[in-house]
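# Give me the fold of what follows.
(one chain, ligands or ions: 2)
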Amino acid sequence: MASVRVYAADEAAMIAWGQRLARVVSSPAVVYLRGDLGAGKTTLSRAWIRALGHEGAVKSPTYTLVEPYEFGESGQGGFSLYHFDLYRLGDPEELEAIGLRDYLSESAICLFEWPERGEGILPEADWEIVIEPQDVGRGLSIYTQDDVALSHL
Ligand SMILES: Nc1ncnc2c1ncn2[C@@H]1O[C@H](COP(=O)(O)OP(=O)(O)O)[C@@H](O)[C@H]1O
Ligand SMILES: [Mg+2]
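Ligands and ions are numbered 1, 2, ... in the order given. Okay, the predicted model is just below:
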């Protein structure tokens, strides 16, 4: 497992990291976003989704559990991004009820805020991003087995 630790001094720097992640993470990918409430998981996700070309609003999926985004034509290099927020999940089993398997396709990137709430049901992460308060901003620890992609971050 390779990792890097980077520092985002403010929200603009966080957005820049979301844009960089959008460039290097390709489908299929399961991404865990860890960090307390207000750490910046949704800020990072929103920047990532916008960088992929989504022009509308990016709502926090806190109440809907998952928000879907489609990019390009399916079967022609197109892919989906599913943004999950498991904070309000009562039980990991509920993920099966909403059809988690169907979201985990070859052509999907799945971002999971609060992955610990889905423990035992979620697949292993291809990328794990841990966000913590550091000085006036946030520290991001980024882990992946994909050394090549990480070196292009
Ligand atoms: N690197 C940063 N430094 C300082 N503040 C940040 C940084 N990144 C995001 N923020 C701010 O912290 C808050 C994070 O909220 P949000 O992204 O909703 O967190 P989470 O989804 O982890 O609960 C926002 O108010 C955002 O403006
Ligand atoms: Mg959030």
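
# ok, the residue of the chain found nearest ligand 2 - contacts?
Scanning the chain for proximity to ligand 2 using Cβ to the ion identifies T42 as nearest, at 3.4 Å. For the C-beta atoms, the positions are set from N, CA and C on the backbone; glycine is no exception. Neighbouring residues of T42 by Cβ atoms under 8 Å, 6 or more residues apart in numbering: 60, 85, 113.

# Please read off the pLDDT at the last one from the model.
Reading off the per-residue confidence, E113 sits at a pLDDT of 98.

# And the first one, by the same measure?
Per-residue confidence (pLDDT) for S60: 94.

# Next up, phi/psi of the closest residue to E106 other than its chain neighbours, please.
Once flanking residues are discounted, E106 sits nearest to P28: 5.1 Å by Cβ to Cβ, 6 or more residues apart in numbering. Main-chain dihedrals, P28, degrees, to the nearest 10: phi -80, psi 140.

# try the one 3 residues further on
Geometry field for V31 lists phi and psi as phi -120, psi 120, criterion degrees, to the nearest 10.

# What is the burial count for it?
Applying other Cβ atoms under 10 Å, we find 25 residues neighbouring V31.

# show me the contacts for it.
25, 109-112, 125-129.

# remind me which residues of the protein are low pLDDT?
Within the chain, no range satisfies pLDDT under 70.

# Determine if any part of the top helix by length along the chain is in contact with ligand 2.
The helix that spans the most residues within the chain, counting by DSSP state H, is helix 11-24. No - for helix 11-24, no contact with ligand 2 is found by Cβ under 5 Å from the ion; the gap never falls below 12.4 Å.
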